[in-house]
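Enquirer: got a structure for you, letters missing:
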């Protein structure tokens, strides 16, 4: 398996508390893959891709290290990615 749906990966990596929440994150435009804002939760990613998660307070830049095969414990999930940068979210005007 060299590709995985982004919603499933976000759930496996414990960056979303549920798969349906991961789907809503993607569909709301809060997730970018390799600089491109996503609209479909079915978009596939690979190891080496870069993901940007825009939240209310933080913007996280993440590099995908592995895809994973299940939603395991947090220690296992942390091996799926490396945090490149974390910055405060831009203020709403």
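Expert: Looks like it came in fine. Small disclaimer: the values here were computed from a predicted structure and weren't measured. Numbering: from 1, shown residues only.

Enquirer: number of nearby residues for residue 18?
Expert: Neighbourhood size, residue 18 [other CB atoms under 10 Å]: 12. (Each C-beta comes from the backbone N, C-alpha and C, glycine too.)

Enquirer: oops, could you answer that again for residue 92 instead?
Expert: 5.

Enquirer: in which helix or strand would I find it?
Expert: Using DSSP states H and E, residue 92 sits in no helix or strand.

Enquirer: in this structure, which spans are strands?
Expert: 4-5, 31-33, 36-37, 44-45, 50-54, 58-64, 81-88 (DSSP state E).

Enquirer: which one, of the ones you listed, ends up nearest to residue 20?
Expert: strand 4-5 (12.9 Å; CB to CB).

Enquirer: which strands or helices does the closest one pack on?
Expert: Strand 4-5 sits against strand 44-45, with contacts defined as 3 or more CB pairs under 8 Å, 6 or more residues apart in numbering; DSSP states H and E.

Enquirer: can you give me the angle the biggest helix by length in the chain makes with strand 50-54?
Expert: Using DSSP state H, we find that the single longest helix of the chain is helix 19-27. Angle of helix 19-27 versus strand 50-54, following axes from the mean of the first three to the mean of the last three CA atoms, to 10 degrees, is 90 degrees.

Enquirer: ok now helix 19-27, how far from the chain's centre?
Expert: Chain-centre distance of helix 19-27: 10 Å, with CA atoms, centre = their mean, to the nearest Å.

Enquirer: what does that helix contact?
Expert: 6-8, 10-11, 15-16, 31, 38-41, 43, 53 (CB atoms under 8 Å, 6 or more residues apart in numbering).

Enquirer: same check on stretch 28-45?
Expert: Taking CB under 8 Å, 6+ apart as the rule, stretch 28-45 contacts 3-7, 9-10, 22-23, 25-27, 49-55, 64, 67.

Enquirer: kind regards, and thank you for your time.
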